[in-house]
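Visitor: I'll drop the sequence and a predicted model, then ask my questions.
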Amino acid sequence: MDRPGRLTGDHSTRSAWVADDLRRQLEDGVWPPGTRLPGEVRLAETYGVSRATIRTALRSLESRGLTATRHGSGTYATGAGSGIHADLRHLDSMTATIRRVGAVPSMSYRRRELVPADAEQARHLGLAEGDRVLVTERELRADDTTVAFSYDVLSGTVLPDDLAPATIEGSLYELLMTVGVDVAWATAEVHAAAGERIGWGDRPADAVYVLLDQVHRTIDGHAVAWSRTYYLEGRFRFSLVRTR
């Protein structure tokens, strides 16, 4: 393993850089499936960072299914292929997930509208029927390839009164952060889905989707968003690392 230049910046920036460099080496076959990666001490010396930074980077690789850690033995390459992976244990924006694997995310909105909540929306968000909500419909792409369609509802209780829906772009997590709302956790259900009513535009006629149905909450449990995101099977993969 070649020694990269020494890193600067905070812990999260350094660990992300190390994880990205290790990911490239894994995908290039430097460590074939089943091969043990160098230990924390050696990696820390190689990258010129702390062992805590290395541990954070290794957890990131494991969350993508690229490695598996066996306590008392070490971290091993799994042989998982390249592509867009998301760990169901971790809550992150879709754009951040795509960037993390080296692809370029882009997004277009078909709908951005403030409306009175219907009964289903109100139930998911703990609102009264008729309360104000922001409804959006988005297409997400990675390197100009459509990977998901998302139907989202944000509670009007956390949005400014003068919000102009037509100006909304990019990640809804980022929108919430700009108004001081930090999404801390979510309850999620995963389903298989298909049908002509899912998505729009140029997509496979017989597409199969993985539906992630989530209610996003602040640290105190306040529901701030309900999303139903349909990921095109084969273009966006979810993983769970299981060990024994």
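Guide: Arrived safely.

Visitor: was I right about residue 76 contacting residue 32?
Guide: No - with contact defined as Cβ atoms under 8 Å, residue 76 and residue 32 do not form a contacting pair (10.2 Å). Using the backbone N, CA and C atoms, a C-beta is placed for each residue, glycine as well.

Visitor: what ranges of this protein fall below the confidence cut-off?
Guide: 1-12, 64, 80-89, 239-244 (pLDDT under 70).

Visitor: And it, what are its domain boundaries?
Guide: Per automatic domain parsing, the domain ranges recorded for the chain read 11-77, 85-239.

Visitor: hang on, the earlier thing: quick one: which of residue 76 and residue 32 has more around it?
Guide: residue 76 (17 against 9; other Cβ atoms under 10 Å).

Visitor: Wait, a helix at that one?
Guide: No - with DSSP: H, G, I helix; E, B strand; the rest coil as the criterion, residue 76 is located in strand rather than a helix.

Visitor: for it, what are its contacts?
Guide: Contacts for residue 76 (Cβ atoms under 8 Å, 6 or more residues apart in numbering) come out as 34-37, 67-70.

Visitor: Just give me the neighbour total for residue 101.
Guide: Here the number of neighbours of residue 101 (other Cβ under 10 Å) works out to 17.

Visitor: Now do the helices in the protein.
Guide: Residue ranges of the helices in the chain, as given by DSSP state H, are 11-27, 40-47, 51-63, 94-100, 119-125, 172-178.

Visitor: Which one, of those, ends up nearest to residue 150?
Guide: Comparing the helices of the chain by their distance to residue 150 (Cβ to Cβ), the top pick is helix 94-100, with 7.4 Å.

Visitor: Only alpha carbons, please: show the closest one as PDB.
Guide: Backbone C-alpha positions of helix 94-100 (Å, rounded to 0.1, in the frame of the first residue of the first chain) are rendered in PDB as follows:
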ATOM      1  CA  MET A  94     -29.500  10.300  -0.800                       C
ATOM      2  CA  THR A  95     -27.200  12.900  -2.200                       C
ATOM      3  CA  ALA A  96     -24.600  12.300   0.500                       C
ATOM      4  CA  THR A  97     -24.700   8.500  -0.100                       C
ATOM      5  CA  ILE A  98     -24.100   9.000  -3.800                       C
ATOM      6  CA  ARG A  99     -21.200  11.400  -3.200                       C
ATOM      7  CA  ARG A 100     -19.700   9.000  -0.800                       C
END
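
Visitor: elements contacting it?
Guide: Contact analysis of helix 94-100 by 3 or more Cβ pairs under 8 Å, 6 or more residues apart in numbering; DSSP states H and E lists strand 105-116, strand 132-142, strand 145-155 as its packing neighbours.

Visitor: looking at those strands, which is closest to residue 164?
Guide: Taking the helices and strands packed on helix 94-100 one by one with Cβ to Cβ, strand 105-116 is closest: 9.1 Å.

Visitor: Report the angle between that closest one and strand 132-142.
Guide: Per axes from the mean of the first three to the mean of the last three Cα atoms, to 10 degrees, the angle that strand 105-116 makes with strand 132-142 is 160 degrees.

Visitor: who does strand 105-116 pair up with?
Guide: Strand pairing for strand 105-116, using DSSP bridges, gives strand 132-142 (antiparallel).

Visitor: Go ahead and measure how far the partner strand is from the middle of the chain.
Guide: For strand 132-142, the distance from its own C-alpha centre to the chain's C-alpha centre is 15 Å (Cα atoms, centre = their mean, to the nearest Å).

Visitor: Cheers, nothing more for now.
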